[in-house]
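S.K.: what follows is a protein structure lacking sequence information:
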């Protein structure tokens, strides 16, 4: 594959980059973060129909005529926006780490 950002053709050995310990660490860290976020997100969302169908916990009045199910549902929107912001922040940090890994490769760190 060629990279023409600087006008010259550079051959990138993606296997060498994939074998770098720093790349493997980044992939592990990113996978752990994404799976944790997905489990938390799906758990919180799946808890709503479970609590409303099989219990009466969320049917109790919280503030005036507003029941806990409305507060929980509003909290899910807030959680979704918060997780989106958290993901963007983490993705930016992963992008910085990826650039450092590419620089390491370009400086001879990933070549066999």
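M.R.: That came through, no problem. Remember, it's a predicted structure, so these values are computed and weren't measured experimentally.
S.K.: all strands of this protein, in order?
M.R.: Ranges of strands within the chain are 61-63, 66-67, based on DSSP state E.
S.K.: neighbouring strands of the shortest one in the sheet, and parallel or not?
M.R.: What it means is strand 66-67. strand 61-63 (antiparallel) (DSSP bridges).
S.K.: contact partners of the partner strand?
M.R.: Strand 61-63 has contacts (CB atoms under 8 Å, 6 or more residues apart in numbering) with 67-68, 70-71. C-beta coordinates here come from the backbone N, C-alpha and C atoms, glycine included.
S.K.: okay, and the helix or strand of this protein with the least pLDDT?
M.R.: When the helices and strands of the chain are scored by mean pLDDT, DSSP states H and E, helix 14-19 comes last with a mean of 88.
S.K.: quick one: buried residues of it?
M.R.: residue 17 (16 or more other CB atoms under 10 Å).
S.K.: go ahead and flag the most central residue of the chain.
M.R.: residue 34 (4.0 Å; CA atoms, centre = their mean).
S.K.: check what pLDDT it gets.
M.R.: Looking at residue 34, its pLDDT reads 96.
S.K.: over to residue 107?
M.R.: We have a pLDDT of 84 for residue 107.
S.K.: quick one: it from residue 22, how far?
M.R.: Here the distance between residue 107 and residue 22 works out to 12 Å (CB to CB, to the nearest Å).
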